[in-house]
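Q: Coordinates for the following, if possible.
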Amino acid sequence: MEGVHKFPNQQLFFQAVFERSNEAIIVIDKDSHIVEINPAACALFGETRNQLIGNLISDWFDFPLDEKIAEVQWQQTDGSSKTIEYNRVRDLLPNYHLLVLRDISNLERATAEKLEREHQRVKLFAEVTLKIRQSLQLEEILRTAVTEVQSILQADRVLIYQVFADGTGMPIKEAVLPDYDPILGVEFPEEVFPEDYRELYTKGRVIAIANVRDPHAGLAECLIEFMDEWRVKAKLVVPILQNLKSTTEIDGDRLWGLLIAHQCQAPRQWTEFELELMQQLADQIGIALSQAELLENLEGLVTERTAKLRQEISDRTKAEFALRRSEEQMRLIANGLPVLIAYVDKQQHYRFNNEAYQTWLGLPPSEIYDCHLLEVHGEEEYQQIRQYIEIALSGKTISYERDLILLDGCIHSLSITYIPHLDDTDSQIVLGFFALTSDISDRKAIERMKDEFISVVSHELRTPLTSIHSSLKILATRKLGSLSSKGQRMLQIADEQTERLVRLVNNVLDLQRIQSGKVKMNKKACNATDLMIEAVQTMQAMAQEQKIKLLVEPVSWTVWADHDYIVQTLTNLISNAIKFSPCNTTVWLSATREQQNPPQQPTITQITFAVKDRGQGIPSDRIETIFERFQQVDSSDSRKKGGTGLGLAICRQIVEGHGGQIWAESCFKEGSTFYFTLPELINSE
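A: Numbers count the residues shown, from 1 in each chain. Sure, this is the predicted structure:
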């Protein structure tokens, strides 16, 4: 058994660890006087060692010394506050205790900002969904959909194309800017909407084309000519699928139509958010259409039966008999539908429900009919749905989604709509409401599968790709035999493409880990110049090969950051600058110091890093989207340049994880400058 390593001078070794630790370390005696403190703690307090030694720890701020690990809010003398995490080691030596402090304010702030962005995104979708599903009238649903989508996407034209049973179709609703001709009512030629396209759309295929004239878009010549006729430069097509199970006994989806966005002024790169938003809105339109059709069918049946009854009634006996027969038929119809239907009066008592509703609740009719909603659902669930009930009884249609554990023990996702029942003679009087409930668990499961798919595929590809890459490297050494020059070239191509795939998989996994919060930033004091120099040294060989000169403008500032991740960020930005710069040009790295003065908050000092090149530049319509996943200025360069389209997305996640921002400025054909900010570390020594 090997012994513990001993340093020549143990005392000097431990003193060095104490002095150079990034954690604030304080030693106090039994009376809570500070007897020793390291530089990191001095920096945290903003005082010198001599000013702190001998003082009570409570003179600076109070710690609950009876707890071993805790977080406290420290109010500083300048009025600002910090969140401090501390660990206490009692009786490290007789009558002496050890405190280890860490400032976690930036981590909390970054987490809060991320949650706020996600909240705004969810809020936007919820607002649009509510507008679409507030009505169950088909015309109003479609008109609201195209208007809202055009407003959100800022598209030149948004239309809904309905597909008919014979495979033909035409636009039935449109929102278009005045500068462009309306396409409403124009029947599309059969050759621009062939059978194979319909099959793809039925399977949920989304088509996003940034430039209809790009050969990589794969559009037929006749379709390009059709797009030119309507001045379309880019388009985004999402299928509207209607669940047949909601209106018939047939299981599956039917292609009802297409939700289409046109950009006519110039080509446009559609973002991941726009694609996801369009897909979700198309799903909501499909659900709204099903519910509108269901309501229309119910109203049609009621109208039809009422008309027949009026014709049959000749006396009171016949009228009562016909009414009873009609009610029974309506119940049979409702029981035959695969959705949950109920009617609740204005006193919130059940007056009607179909058999599917009874099965869902697991209750006999006697425990539902004439019972209050509170009795049937229980206090907890009733309080959760009460706000929607009150909206329906105020005369407004309301739709919402919620997850419930049903009798099978599984969690089901439900789409629920309450439709007010208004008095025939006075529409201001609400008699009750209809409750329509659909099970959307399958759609929710598909959405989760989509999110997990990329992660699973990336993990499964990593090992075989690594093995293939290693094997190709061995073949390249010629230890297993020589190849012809043509074979050697093919081997080189295979090796390069495999290496590109390995980078892509690793980037996907890195991005997923950062986005999921599994990566912990190991922040410490870092010299800004050292970070830039290390990144330049890493990329020097690539720069020399491309005949690019790398220049660093030294500065003396210190930032609070994770060394490895910031070097990775700089390396990614330098790599992009080299790839897209012509030979015999220069790439500059610099940093500037800026102060921000938020109202009623302390001044914040930030260091802004910049990577500047003289490359081809970035079009103005792409300046924001390049930070999204799988986005590049020119996708045709992806193989030639060896990029994956993930580098800038990873950079953004890293910078935002530090509480900073990243952006780009560019003049097309003249060059680009990428900036990102990090907090400066004051009094770091």
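Q: Tell me the buried residues in the helix or strand that contains Glu108?
A: Following DSSP states H and E, the helix or strand that holds Glu108 is helix 105-133. Neighbour-count burial for helix 105-133 flags Ser105, Asn106, Leu107, Ala110, Phe125, Val128, Thr129, Lys131, Ile132, Arg133 (criterion: 16 or more other C-beta atoms under 10 Å). (C-beta placed from N, C-alpha, C; glycine too.)
Q: Same question for stretch 341-361.
A: In stretch 341-361, counting by 16+ other C-beta under 10 Å, buried: 341-345, 348-350, 352-358, 360-361.
Q: Quick check: Leu491 touching Ala476?
A: Yes. Under the criterion of C-beta atoms under 8 Å, Leu491 makes contact with Ala476 at 6.0 Å.
Q: Let's test this: mean pLDDT of stretch 343-357, rounded?
A: The average pLDDT within stretch 343-357 is 86.
Q: Ignoring the adjacent residues along the chain, who's closest to Ser394?
A: Nearest non-adjacent residue to Ser394, counting by C-beta to C-beta, 6 or more residues apart in numbering: Val430, 7.1 Å away.
Q: Would you list the phi and psi of that neighbour?
A: With angles defined as degrees, to the nearest 10, Val430 sits at phi -100, psi 120.
Q: hang on, the earlier thing: rebuild the buried residues of helix 105-133 as a markdown table, extending it with pLDDT.
A: Shown next, in a markdown table, are the buried residues of helix 105-133 (pLDDT from 0 to 100):
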| residue | pLDDT |
| --- | --- |
| Ser105 | 78 |
| Asn106 | 79 |
| Leu107 | 76 |
| Ala110 | 76 |
| Phe125 | 70 |
| Val128 | 72 |
| Thr129 | 72 |
| Lys131 | 71 |
| Ile132 | 67 |
| Arg133 | 65 |
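Q: In terms of distance to Glu276, which of those ranks first?
A: Of all these, Glu276 sits closest to Phe125, with 9.0 Å by C-beta to C-beta.
Q: need the contact list for the closest one.
A: By C-beta atoms under 8 Å, 6 or more residues apart in numbering, the residues touching Phe125 are Leu277, Gln280, Leu281.
Q: Tell me the one among these nearest to Ser413.
A: Distances from Ser413 to the contacts of Phe125, taken as C-beta to C-beta, are shortest for Gln280 (13.7 Å).
Q: In which helix or strand does that closest one reside?
A: Judged by DSSP H and E, Gln280 forms part of helix 272-312.
Q: One more: Trp560?
A: strand 558-562.
Q: what does that strand contact?
A: For strand 558-562, contacts defined as C-beta under 8 Å, 6+ apart pick out 106, 521-528, 531, 566, 607, 654, 658, 678-681, 684.
Q: Buried only: go through those for me.
A: If you count burial by 16+ other C-beta under 10 Å, the buried members of these come out as 106, 521, 523-528, 531, 566, 607, 654, 658, 678-681, 684.
Q: where does the stretch 51-200 of the chain dip in pLDDT?
A: 61-68, 76-77, 117-118, 120-121, 124, 132-133, 135-136 (pLDDT under 70).
Q: make it 90
A: Along the stretch 51-200 of the chain, the model assigns pLDDT under 90 to residues 51-154, 163-170, 185-200.
Q: got the residue ranges for the helices in it?
A: Per DSSP state H, counting those that start in this stretch, the stretch 51-200 of the chain carries helices over the ranges 105-133, 138-153, 195-202.
Q: quick one: buried residues of whichever helix or strand comes after the last one?
A: The first helix or strand that comes after helix 195-202 along the chain, using DSSP H and E, is strand 207-209. Neighbour-count burial for strand 207-209 flags Ile207, Ala208, Ile209 (criterion: 16+ other C-beta under 10 Å).
Q: ditto for stretch 413-422
A: In stretch 413-422, counting by 16+ other C-beta under 10 Å, buried: Ser413, Leu414, Ser415, Ile416, Thr417, Tyr418, Ile419, Pro420, His421.
Q: Can you pull out the residues in contact with it?
A: Residues outside stretch 413-422 that contact it (C-beta under 8 Å, 6+ apart) are 133, 136, 287, 291, 295, 343, 388-389, 391-404, 428-441, 443-444.
Q: Please list only the buried members of the residues you listed.
A: Counted by 16+ other C-beta under 10 Å, these give 133, 136, 287, 291, 295, 343, 388-389, 391-393, 397-400, 430, 432-440, 443-444 as buried.
Q: What is the least confident helix or strand in this structure?
A: Among the helical and strand segments of the chain, the one scoring lowest on mean pLDDT, DSSP states H and E is helix 638-641, with a mean of 52.
Q: Could I have the CA atoms of stretch 555-562 written out in CSV?
A: Extracted C-alpha coordinates of stretch 555-562, given in CSV (Å, rounded to 0.1, in the frame of the first residue of the first chain):
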residue,chain,number,x,y,z
VAL,A,555,-5.7,44.3,-21.2
SER,A,556,-5.3,44.1,-17.4
TRP,A,557,-8.8,43.2,-16.3
THR,A,558,-10.0,40.1,-14.5
VAL,A,559,-13.3,38.4,-15.1
TRP,A,560,-15.3,35.9,-12.9
ALA,A,561,-15.8,32.9,-15.2
ASP,A,562,-15.3,29.3,-16.0
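Q: Check the buried residues of helix 105-133 against Ile626 and report the nearest one.
A: Ala110 (22.0 Å).
Q: Give the full set of residues in contact with that closest one.
A: Counting by C-beta under 8 Å, 6+ apart, Ala110 has contacts Glu656, Gly657, His658, Gly659.
Q: now Glu190, nearest residue through space, not along the chain?
A: Spatial nearest neighbour of Glu190, chain neighbours left out: Thr168 (7.1 Å); criterion: C-beta to C-beta, 6+ apart.
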